[in-house]
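Whatever this is, show me its structure:
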Amino acid sequence: MNPAQAHPAKAWTAYFICATVWGSTYFAIALAIQSFTPFGMVATRFLVGGLIALGLSRVMRESWPPRRDVPHLILQGILLLGLSNALVSWAEGRVPSGLTAIICSSTPIFYGVMGGDRLDRRTWLGLGLGLAGVALLCLRSQQVLSPLGILAILLAVYLWAKGTLHGRRHVKGHGLFGQVAVQMLAGGLVGALLLPFTGGMLHHPLTWRAGLSVAYLTLFGSLLAFSAYAYLSRVWSPTRMSTYNYLNPLVAVALGSFFLKEPFGLRTVLGMVVILGGVALVQPGEKETHSPSAPGGTEGL
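Numbers count the residues shown, from 1 in each chain. Have a look, this model is predicted:
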């Protein structure tokens, strides 16, 4: 039986977690980089999160990831967590957190082009509408933006899509938290190895806000949301699953505007409405798919 069909509530819960928690992590990253370097943050959150995931895997008595899956999981961890996440963290020192989330919401377009799936007109219309909403949100900014920061975010989006699609094609085993542990430990190790060449762990004295932000990123952004993402990427198609990226800016822009005094106006509201319309078109238009590596039974969230 298809796990996505057997547990629709679990899939929708994972989707909601990715949309809301990862929307809030852009704000948390903006606070954390006040003290941490990008790779210092990557090393801390993913090494700690990976060890916790490994412990959960043992407590839940999951099977170990098959040997054939380990190289692919390591590659995923390097692309998604060691590189893509670090690029986003670096870019947030040059691009507002809300706008960073907005640019990252182009991910569904990358999946549509790179995934090789045949998408119907309704799905492409929804993707285009969502991207139009993203463009409206981009136009709201009156700040001078860093071209390098924007290029870094786009490269991060490409690496994220590449890593996710690679995992769907090559990872065949079960055991959600075991897979997440390998990915996080690989990404965290890359961050740790690059510390001596990228400014070390901290670039400013550690503040309580930065410390709490990294703790939040570790437990919620990494352990909870990435586990939800790993599950969702197995039981929904890439295009349907990735529409959570269109919802991230709603959370990120709201937090950035409220706490960091980033711009918020009528154009922002209109952009959010257009984004929601695009998501509404894609969601019922995309069929649920199942990858052989999709965890079932108790090996979910």
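
hey, let's count contacts and neighbours off CA atoms from now on
Noted.

separation between Pro205 and Ser89?
Here Pro205 is placed at a distance of 18 Å from Ser89 (C-alpha to C-alpha, to the nearest Å).

Compare the two (neighbour count), which wins?
Ser89 (29 against 10; other C-alpha atoms under 10 Å).

give me the element the more buried one is part of.
According to DSSP states H and E, Ser89 maps onto helix 85-91.

Contacts for that helix next, please.
With contacts defined as C-alpha atoms under 8 Å, 6 or more residues apart in numbering, helix 85-91 is touched by 29-30, 33, 37-39, 41-42, 100, 148-150, 152-153, 155-156.

then that helix to PDB, C-alphas only?
What follows is helix 85-91 as a C-alpha-only set of coordinates in PDB (Å, rounded to 0.1, in the frame of the first residue of the first chain):
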ATOM      1  CA  ASN A  85      22.400  25.800   3.700                       C
ATOM      2  CA  ALA A  86      25.700  27.500   4.200                       C
ATOM      3  CA  LEU A  87      25.200  29.600   1.000                       C
ATOM      4  CA  VAL A  88      21.800  30.800   2.300                       C
ATOM      5  CA  SER A  89      23.300  31.600   5.700                       C
ATOM      6  CA  TRP A  90      26.100  33.600   4.000                       C
ATOM      7  CA  ALA A  91      23.700  35.400   1.800                       C
END
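
Quick check: next helix or strand after it?
By DSSP H and E, the next helix or strand past helix 85-91 is helix 97-104.

Give me the helices and strands touching that next one, please.
helix 8-32, helix 121-139, helix 147-170, helix 244-259 (3 or more C-alpha pairs under 8 Å, 6 or more residues apart in numbering; DSSP states H and E).

so the longest one versus helix 244-259, what angle?
On the basis of axes from the mean of the first three to the mean of the last three C-alpha atoms, to 10 degrees, helix 8-32 is oriented at 40 degrees to helix 244-259.

Off-centre distance for helix 8-32?
Distance of helix 8-32 from its chain centroid, counting by C-alpha atoms, centre = their mean, to the nearest Å, is 8 Å.

Please pull up the helix or strand immediately following that helix.
helix 38-59.

May I have the phi/psi pair for His204?
phi -140, psi 160 (degrees, to the nearest 10).

Quick one: residues contacting the nearest residue to it once chain neighbours are set aside.
Counting by C-alpha to C-alpha, 6 or more residues apart in numbering, His204 lies nearest to Ser35, which is 4.6 Å off, once chain neighbours are set aside. Ser35 is in contact with Leu202, His203, His204, Pro205, Leu206, Thr207, Ala210, counting by C-alpha under 8 Å, 6+ apart.

Pull out the buried members of those.
Among the contacts of Ser35, the ones that count as buried by 16 or more other C-alpha atoms under 10 Å are Leu202, Ala210.

Between the contacts of Ser35, which sits nearest Gly128?
Gly128 lies nearest to Ala210 out of the contacts of Ser35, by C-alpha to C-alpha, at 36.5 Å.

So the closest one, which state does it fall into?
helix (DSSP: H, G, I helix; E, B strand; the rest coil).

contacting residues around it?
The contact partners of Ala210, by C-alpha under 8 Å, 6+ apart, come to Leu31, Ala32, Ile33, Gln34, Ser35, Phe36.

is it true that Tyr231 touches Ala14?
Yes. At 7.4 Å, Tyr231 counts as touching Ala14 under the criterion of C-alpha atoms under 8 Å.

Go through the contacts of Ser35 and flag which are in helices.
Taking DSSP state H as the definition of helices, these contribute Ala210.

Same list (the contacts of Ala210) but as TSV, adding pLDDT and distance to Pro66.
As requested, the contacts of Ala210 are exported to TSV (pLDDT from 0 to 100; distance: C-alpha to C-alpha, whole Å):
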residue	pLDDT	distance to Pro66
Leu31	89	38
Ala32	93	35
Ile33	92	36
Gln34	91	40
Ser35	95	39
Phe36	95	35
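
can I get the residues you listed in CSV with distance to Val21?
Listed next are the contacts of Ala210 as CSV, based on distance: C-alpha to C-alpha, whole Å:
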residue, distance to Val21
Leu31, 15
Ala32, 16
Ile33, 18
Gln34, 20
Ser35, 22
Phe36, 21
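
closest to Leu219 among these?
When the contacts of Ala210 are compared against Leu219 (criterion: C-alpha to C-alpha), the nearest one is Ala32, at 14.2 Å.

just checking, the closest one touches Trp208?
No. Applying C-alpha under 8 Å as the test, Ala32 and Trp208 come out as separate, 9.6 Å apart.

Compare these two and say which one has the larger neighbour count.
Taking other C-alpha under 10 Å, Ala32 and Trp208 do not tie; Ala32 has more neighbours (27 against 11).
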